[in-house]
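Student: next come a sequence and a model predicted from it.
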Amino acid sequence: MNRVSLINCSATGKGIQSIKKYAKSPIDIVLENVPDGGYVVAFAENVYHKNNQTHFVACYNFSKRREQWTFKNICFLKEPCGISVDNDGNVFVEGNASNNVVVVSADGKQHKEILKVCENLVYPYTLDHNRSTNELSVANGTGKAMLLLLITDLSIK
């Protein structure tokens, strides 16, 4: 079996790119002026991207190089930072300025705030969803502590 290793990255001013192992040049997935601090994550056929300056999260189909959906709701999500995806394609994203964690449905049409501002959640900066254990790790930008949550019910309604 010959597996191709890909690295997806957010290149400031260039967009989202995919780099094949041993390739001479990257493949453009999304041509968009991506600001500093861009972050991407891949799952199945999709690449997910957040933009902290325009407050949105987007899902792109990797093979079609086309946007599937965009989520933007500044009442719930301001300055998205960390982003991660579960086994069902639900997207977890932190709002650094809104001091919360939001989960967006796999189709981008629904969302739910799962963590709100509290003493231990100040300027959340990065997160990771462990697909094996269904645990969500959330870290503060203040460097204060790491918060580990077990997610049991993600029904978004």
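Tutor: Alright, I've got the coordinates.

Student: what's the burial count for V104?
Tutor: 26 (other C-beta atoms under 10 Å). Bear in mind the C-beta positions are built from the backbone N, C-alpha and C, glycine included.

Student: retrieve the pLDDT associated with it.
Tutor: Looking at V104, its pLDDT reads 95.

Student: ok, it touching V57?
Tutor: Yes: counting by C-beta atoms under 8 Å, V57 is a contact partner of V104 at 6.1 Å.

Student: any common contacting residues for those two?
Tutor: F71, V91, V93 (C-beta atoms under 8 Å, 6 or more residues apart in numbering).

Student: quick check: the first one vs N140, distance?
Tutor: The spacing between F71 and N140, counted by C-beta to C-beta, to the nearest Å, is 23 Å.

Student: now do the second one
Tutor: Using C-beta to C-beta, V91 is found at 20 Å from N140.

Student: quick one: which of F71 and N140 has more around it?
Tutor: Between F71 and N140, F71 has the larger neighbour count (other C-beta under 10 Å), namely 22 against 19.

Student: where in this protein is pLDDT low?
Tutor: 1-23, 26-38, 119, 144-157 (pLDDT under 70).

Student: can you show me the helices along it?
Tutor: In the chain, no helices are defined using DSSP state H.

Student: is it true that F43 touches D88?
Tutor: No: proximity of F43 to D88 does not meet the contact threshold set by C-beta under 8 Å, at 9.6 Å.

Student: out of these two, which sits in the more crowded spot?
Tutor: F43 (20 against 10).

Student: who are the neighbours in contact with the residue nearest to F43 when sequence neighbours are not counted?
Tutor: The spatial neighbour of F43 that comes closest, neighbours along the chain excluded (C-beta to C-beta, 6 or more residues apart in numbering), is V85 at 4.2 Å. Counting by C-beta under 8 Å, 6+ apart, V85 touches V41, F43, N46, Y48, V91, F92, H129.

Student: redo those as a markdown table? Include distance to N100.
Tutor: Shown next, in a markdown table, are the contacts of V85 (distance: C-beta to C-beta, whole Å):
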| residue | distance to N100 |
| --- | --- |
| V41 | 19 |
| F43 | 22 |
| N46 | 23 |
| Y48 | 18 |
| V91 | 14 |
| F92 | 11 |
| H129 | 16 |
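
Student: neighbour-wise, which one of the residues you listed leads?
Tutor: V91 (27 neighbours).
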